[in-house]
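In: sequence and computational prediction follow.
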Amino acid sequence: MTPLALTSFTATSAIGRGLDATLASLEAQRSGLAPCAFETVALDTYVGEVAGVDAIALPAELAEFDCRNNRLAWLALAADGFAGAVAGCAARLGRERVGVFLGTSTAGILETEISYRRRDPASGALPADFRYRGAHNTFSLAAFAQRALRLAGPAVVISSACSSSAKVFASAQRAIAAGIIDAAVVGGVDSLCLTTLYGFHSLQLVSRTPCRPFDSARDGISIGEAAAFALLERPGAGADADAVLLVGTGESSDAYHMSSPAPDGRGARAAMRQALAAAGLEPGDIDYINFHGTGTPSNDEVEACAVASVLGREVAGSSTKGATGHTLGAAGALEAVICALALQQGLQPAGVNTTAIDPALPVSYLRASRRQPLARVMSNSFGFGGSNCSLIFARAG
Amino acid sequence: MSVVTALTACVEGVGLLGPGLADWTAASQVLSGESPWQRVPTVLPPPERLPSAERRRTGTLVRLSLAAGLEACTRAQVDPATLPAVFASSGGDGQICHEICETLASADRQLSPTRFHNSVHNAAAGYWGIATGATRAANALCAYDASFGAGLLEALCQVTVERTQVLLIAYDASYPEPMHAVRPIPDAFAVALVLAPVAGNATLAHLAAERASGPADRMTDTALEALRGSIPAARSLPLLALLARRACGRVALEYLEGASLALEVSECR
C-alpha cells in the first residue's frame, strides 16, 4: 500500500489527557487503573477512568450529541491542537475531501442505561429527554465528530468490538487510495458504561486486580475508556524524519467463535502477515509490537504464539493495557497513537502491572520502558466475533 | 502513486429478505411491477449452516443477514468462504439491547454472557464467519439512516482498490418498546450484493458510484416508498428496482445529510 502520514494525532485515556501526559506516564510506567467507583457499578474490579468527563459541557450547537462518549471525544479533540490541524487540512483540501472513520463499541449507551431507570411507570416509555440519534446510535460518534470538526466528506463508524478503531485505519486508507477523499480523521472513542462492565463480568473475563497482561497470574481484563484520533494524509514532499507513517494494514476473521479466539491463532497470524505484505516488510523489520494483550489467559496465550510464529520470539513487545485498561472500541486507535509516540520518541513502553512473565509464552515482554531508536512498529487489535486487525507504523526517516 | 478516480464494480448476485419479500426472485417480481406487493411481516428462515450449539443463540439480525448473504452468494455462484464481507446496519440487535438495558435497570444486574457477546454490532459478521468459514476481512459499520450507502462505499472501495470480489450485507430490524417509540423501524429487511472488479458469467449490471449533492430518489409506488423511507437497509430499493427491471440508468441513494450516492447502472443483463 501507499504509505500515509499521521500529520496530527492525540490521545486521552486514564494515563493522561494529550500526548505529553501520555508520554510521561508511559516513561514513568504509571498505571491509570483504580478501584471501580464508576456510576452505580457494584463490581469488585479496577477501571481506567478519564477524570473530568462529566464536567465537560458541549457547545450549545452540539447539545443534541451530549453523552459521556461524545464528551470524552470533545475532550480529546481539543488536545494537542488536533481540531486545529483538521481545520487547516479542511481549508487546504476542502471539507468534502476529508472523511471521518471512527470506531466505538458502545457509543452513548450509558445514557440509555440510565434512561431505562427513568421509564414512565405506567406506559414504560423512555423519558422525553432521551436522544436516540445523537447519543444512543452507534453512528452518533462520527456524526458528532464530523459536526464538531465542520467536515462534509464521508463519515462512518466501524463497530467490530475491540478491533473497531484499528480497522478504521484500513478503511480510511482504502478510501484515500480510491480517490474519494484526500485525508481522513481516524480514531476511536469508548467510554465506561454498565453494559461492558457487567457484560465482561458475566463472561468471567474481568480481573479483580489491575490487569496483568502476559503474567503467569493474569486473570482477566480491566476495562478502561479513551479517545484517540489521528489525521491521515498523503505524505507531503517535505515530511521530516520524525513524521509517522501508516505503512501496512491487515484484517482477518477467525470464523471460530463469538467471544473466544481461535486456539491456533490463525486469524491473528493472517492479519499480521497481511500487514507485513502490505508494507513490503520482513518479520525481522519490526522493532516493537504493541500486543492486543488483554490479560485474559486465552488471549495472551494465543496472541503470544501467533506473534512468535510470524515475527519470532525475539521481537520486543508489551501490552499497554496494564496502564490504560482495555479501552475496547478505542483500543486500536489509542495503541496506534502510543505506537506513533514510540516511533517519534524512540521509546519502547513497558507493560506495567506484570511482575512474573508467564514462562509458557514465547515472547520478549518488556517490563521496563527502554529508550531506543525505532523504525517500524506493529499494533495488534482483536475483537469479539473473531475480528482481527494488525497495523504497521514507521518513521519517515 | 495510483489514484483511482471512480468507484466501479459489477453486481454478481443479489440476496433479499423483507416484509412480503421472501427472496430476490419474489422481490424482483414486485420491483419490476410483475407482481403486486403483499405487505406481510418478514419471515425469518432458520439459520442455515450454523452448528446447532450456535443456532440456538442467534437473534434476528444474524438470521436476516445470513439468509440474504447466502442467497447473494448462491446467485453469484461464489463460495462465501472466499469473500471479504461488509456488514452495514443502522443499529445493533434491538431486542438484545433492550433486554440488557432492562436487566441493568433492575435490582439484579447479572447479564447473560451469550446475550452480551451477541450484543456487539459485529455479531452478524462473527456468525457469518462461523457459518461459512470466511476468514477474510469482515467490516461491520454504521451510518444511521445512511448505513446502506456507507456500506456500499466501503465495499466499492475494497473492490476498486484491492481488486477483489466483496460481499455487502445491509440489514435492520425492529426494536421492541420502549425503544421502538424513539426509533420506529417497522420490520426486518436485509439486502446483500456480491460485487466484483470484473464481469463474470453471473453479472447483472455494472455500477459506477460518486457522492453527489441533492436528494435521494424515491420509489414511485407509495407503499414501496414507505418501506424505503422506514427501514435504513431498504434505502437500497431504488437501485434494486433498476436491477430487477434489468434497466440501465442513474439512481441516487440516500447518504449522509445533504448528500446522496449517485450510481450509474449500465451493461445490464
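Out: Right, received. Where do you want to start? Residues are numbered from 1 along each chain as shown, chains lettered A, B, ... in the order given.
In: list the contacts for residue B:141?
Out: Contacts for residue B:141 were tallied using Cβ atoms under 8 Å, 6 or more residues apart in numbering or on different chains; they are A:156, A:157, A:158, A:159, A:171, B:86, B:87, B:88, B:147, B:150, B:151, B:154. To be clear about C-beta, it is placed using only N, CA and C from the backbone, and glycine gets the same treatment.
In: can you check residue A:286 too?
Out: A:276, A:311, A:315, A:376, A:377, A:378, A:392.
In: looking at those residues, which are in strands?
Out: A:376, A:377, A:378, A:392 (DSSP state E).
In: returning to what we had before: just the buried ones from the contacts of residue B:141?
Out: Buried by 16 or more other Cβ atoms under 10 Å in any protein chain shown: A:156, A:157, A:158, A:159, A:171, B:86, B:87, B:88, B:147, B:150, B:151, B:154, out of the contacts of residue B:141.
In: next, count neighbours for residue 97.
Out: You didn't say which chain, so I picked chain A. 20 (other Cβ atoms under 10 Å in any protein chain shown).
In: meant chain B, my bad for not saying
Out: Residue B:97 has 20 nearby residues by other Cβ under 10 Å.
In: who's in contact with the nearest residue to it once chain neighbours are set aside?
Out: Closest residue in space to residue B:97, ignoring its immediate chain neighbours: residue B:119 at 6.3 Å, by Cβ to Cβ, 6 or more residues apart in numbering or on different chains. By Cβ under 8 Å, 6+ apart, the contact set of residue B:119 is A:195, A:199, B:92, B:93, B:96, B:97, B:100.
In: 7 Å instead?
Out: The contact partners of residue B:119, taken as Cβ atoms under 7 Å, 6 or more residues apart in numbering or on different chains, are B:92, B:93, B:96, B:97, B:100.
In: helix, strand, or coil at residue B:12?
Out: strand (DSSP: H, G, I helix; E, B strand; the rest coil).
In: where's it relative to chain A, distance?
Out: As judged by Cβ to the nearest Cβ, to the nearest Å, residue B:12 and chain A stand 20 Å apart.
In: who does residue A:185 form a beta bridge with?
Out: On DSSP bridges, the residues paired with residue A:185 through beta bridges are residue A:100, residue A:231.
In: quick revisit: now the two most distant members of the buried ones among the contacts of residue B:141.
Out: A:171 and B:147 (14.2 Å; Cβ to Cβ).
In: residues in contact with the closest residue to chain A within chain B?
Out: Going by Cβ to the nearest Cβ, chain A is nearest to residue B:126 of chain B, at 2.7 Å. Residues in contact with residue B:126 (Cβ under 7 Å, 6+ apart) are A:258, A:384, A:385, A:386.
In: most neighbours, which of the residues you listed?
Out: Counting by other Cβ under 10 Å, top hit in those: residue A:385 with 33 neighbours.
In: where in the chain is pLDDT low?
Out: With no chain named, the answer covers chain A. Scanning chain A for pLDDT under 70 picks out the ranges A:237-238.
In: oops, I was thinking of chain B
Out: Looking at chain B by pLDDT under 70, you get B:1-5.
In: one more pass at 90, please.
Out: B:1-6, B:46-48, B:51-58, B:92, B:201-202, B:257-258, B:267-269 (pLDDT under 90).
In: which stretches in it count as helices?
Out: Here chain B has its helices, by DSSP state H, at B:24-31, B:52-55, B:60-76, B:94-104, B:113-118, B:123-132, B:147-162, B:179-182, B:222-230, B:237-245.
In: and the fifth one with chain A, contact?
Out: Yes. In this structure, helix B:113-118 sits against chain A according to Cβ under 7 Å from any Cβ of the partner chain; the contacting residues are B:113, B:116, B:117, B:118.
In: cool, thanks, talk later.
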